[in-house]
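>>> sharing a sequence plus its predicted fold:
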Amino acid sequence: MDDSKISRRQFLGTAAAGVALAAVPDWFGRRVEAAGFRRKKFGPNDTINIGCIGPGGSKGGYRMGLHDAKAAASKPGVRVVAVCDVDEQHLNEAAAEFGPECRKYRDFRELIEQKDIDAVVIGTPDHWHAYQCIAAMKAGKDVYCEKPLTLTIDEGKKLVKVWRQTGAVFQTGSQQRSGEQFRKACELVRNGRIGKLVKVEAHLPTGPTGGPFRVQDVPEDLDWDMWLGPAPMTDYVKERTHGTFRWWLEYSGGMLTDWGAHHNDIAQWGMGMDRSGPISVQAYGRGPLIGENCYNTFPEFKVIYTYENGVQLITTNEGENGVKFIGEEGWIFVNRSKIEASDQRLLDEPLPANAERLYESNDHMANFIDCIRTRKQPICDAEIGHRSVTVCHLANISLKLGGRKLRWDPVKEEFKDCPEANALMSYNMRAPWKV
C-alpha cells in the first residue's frame, strides 16, 4: 500500500498493529509536501478558518495559545474551527470557548492536514515551535506562533528558509511591536532624537530556581510522550510542563528567551538591526541549581552584545523591566506601561515630515489577519522573530561555555573560530522527530 495515501486515522490504526512509529514524520512530510504550498485568496468578506495548536488551560496557568486564538476569533470574518492539545483537560476547555462545532485533536498533524483550516495559531512549548511551524507552512497554512520562536539557532535558520520558500504569512507573537509607545521610542531613536546611539539596556526579570522536583505518575489525561516530542525522554515531573516549562533548557531558554525575546526585539528594532545581529557576545551569570530534576536555566545574567557600529546592548536581570536607549544627547526608556525620557521635550516635539517611519500596527492579531487577506507580511515576520531570539540564544551559549566571549557572524549566522559554540546551535532531536 502507498502510505502517502493513508489517512491519519488509518495510519494510527496500522501503527498500533505493528508498523514502526518512526515512519510517521517521513510519511507526514510527504503528505504536507504534496499540498504544494497552496493557499486561498481571501476577499474582504471571506471567512478565515483558524486552528489552534497548544491552547493551554487553567491547569498550569499557561494559556497564551488560547489567548491568541480568542483574539483571532474576535476579528470580523474569522472563526476558530479546531483546537489541538496533548492535555485532554486543556483540549476540552479550549474547545468549549469556541462552541460545539469546534473540532478537537490530540495530534497536531491531524489538524494541519485539514483542508478547511487556513491558518494556525501555535502556543505550544518552545521545543515544538520550529517543527510545527515548518509543517504548517508546508501544508499551505499561514502561521501565528508565540515567542520565543525557536529552541535553537539552527531551527530558526531552517524555519526562515521554509517561510521564504512557501510565501506563508507569518507573525511572531512579539506583541510589543504593536504597542504605540514601543514604536514611538524606536522611531525617535532611529531619527536621532537622543543623538548618536551609544548603548541600549534591556532589563528583564530574574529567573526562578527550584528543585529537585518529585517524579510522579503521568496524569491519565496527558500524552507525555507527545508532550516531549523531539525533547529527550525523561520521567514525568509536573514542573516540567505547562507554565513552568520555560525554566528547563530541554524545552526553552529561561528568562533570557522568555522576556529576552520581547525586549531584545525592541532593542534591535530601535537600533535598526532587527534583520541582522551583533558581532560579539559575552555573558556573565549565576548558574542554575545542580542536580537531577531541578530548573536548569540561568536565573541571573549580564550579557554584553557589541554591534558593528559600536553600539552595545546590555541585557540584564537587574533594574526596572523595560528597554532604555542611551544616546549622546539623552535617553528614552520604554516598557508596557510607560515611555519616559531624560527630557520630556524629547517625547513631545513631533518628528519632521521627512522622518523615517516604522511599520505601524496597533493590534498584533488584527495585523496578522489583515495580512492573510492582503498577502503582505506582518510587523514581526519569521525572519525578525528568528533574529530576535537568536540574540537570546547567543547569550545562553556563552553562559553554557562559562562566560566565554564569542565572535558572531550575523550574515553567515555562525560563530567565528569556535566549534564548541557552533555545536550548541542545534541539538539531537529525539527520533523520529527532525526539522
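Here it is on my side, so go on. Given the structure is predicted, the values throughout are model-derived calculations rather than measurements.

>>> can you count the residues close to residue 51?
Burial measure for residue 51: 27 neighbouring residues, criterion other Cβ atoms under 10 Å. Any C-beta I mention is one placed from the backbone N, CA and C, and that applies to glycine too.

>>> which strand residues bridge it?
Partner residues in beta bridges with residue 51, using DSSP bridges, are residue 82, residue 120.

>>> isn't it up against residue 81?
Yes: with contact defined as Cβ atoms under 8 Å, residue 51 counts as touching residue 81 (6.6 Å).

>>> intersection of neighbour lists for those two?
Residues within reach of residue 51 and of residue 81 at once, by Cβ atoms under 8 Å, 6 or more residues apart in numbering, are residue 117.

>>> where along the stretch 301-435 of the chain do the helices fall?
Counting by DSSP state H, counting those that start in this stretch, the stretch 301-435 of the chain has helices at residues 345-348, 364-374, 382-400, 419-423.

>>> for residue 217, find the nearest of those.
For the helices of the stretch 301-435 of the chain, the distance to residue 217 is smallest for helix 382-400, at 31.9 Å, taking Cβ to Cβ.

>>> roughly how far out does the closest one sit from the chain middle?
The offset between the C-alpha centroid of helix 382-400 and the centroid of the whole chain comes to 11 Å, using Cα atoms, centre = their mean, to the nearest Å.

>>> by contact count, what packs against it?
Packed against helix 382-400, as judged by 3 or more Cβ pairs under 8 Å, 6 or more residues apart in numbering; DSSP states H and E, are the following elements: helix 153-166, strand 170-172, helix 255-258, helix 260-271, strand 280-286, strand 300-306, strand 312-316, strand 406-409.

>>> can you tell me which of the helices of the stretch 301-435 of the chain is nearest to residue 138?
Nearest of the helices of the stretch 301-435 of the chain to residue 138, taken as Cβ to Cβ: helix 382-400 at 13.4 Å.

>>> hang on, the earlier thing: from the helices of the stretch 301-435 of the chain, which stretch is densest packed?
Ranked by average neighbour count under the criterion mean count of other Cβ atoms under 10 Å, the helices of the stretch 301-435 of the chain are headed by helix 382-400 at a mean of 26.

>>> what is the mean pLDDT for that helix?
Rounded to a whole number, the mean pLDDT of helix 382-400 is 98.

>>> any idea how far residue 311 is from residue 320?
When distances are taken as Cβ to Cβ, to the nearest Å, residue 320 and residue 311 turn out to be 21 Å apart.

>>> and residue 351, by the same measure?
Distance from residue 351 to residue 311, counting by Cβ to Cβ: 21 Å.

>>> residue 270 now?
Counting by Cβ to Cβ, the gap between residue 270 and residue 311 amounts to 10 Å.

>>> more neighbours: the two, which one.
residue 270 (26 against 22).

>>> my guess is that one meets residue 200, correct?
Yes: the pair formed by residue 270 and residue 200 meets the contact definition of Cβ under 8 Å, at 6.7 Å.

>>> what do these two both touch?
Contacts common to residue 270 and residue 200, judged by Cβ under 8 Å, 6+ apart, are 323, 325.

>>> domain assignment for this structure?
Split into domains by automatic domain parsing, the chain comes to 3-176, 179-354+382-423.

>>> distance to residue 375 for the ones you listed - can I get that in JSON lines?
Output for the domains of the chain, formatted as JSON lines (distance: least, Cβ to Cβ, whole Å):
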{"stretch": "domain 3-176", "distance to residue 375": "7"}
{"stretch": "domain 179-354+382-423", "distance to residue 375": "15"}
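
>>> among the ones you listed, which gets the worst mean confidence?
Least confidently modelled of those is domain 3-176, at a mean of 85 by mean pLDDT.
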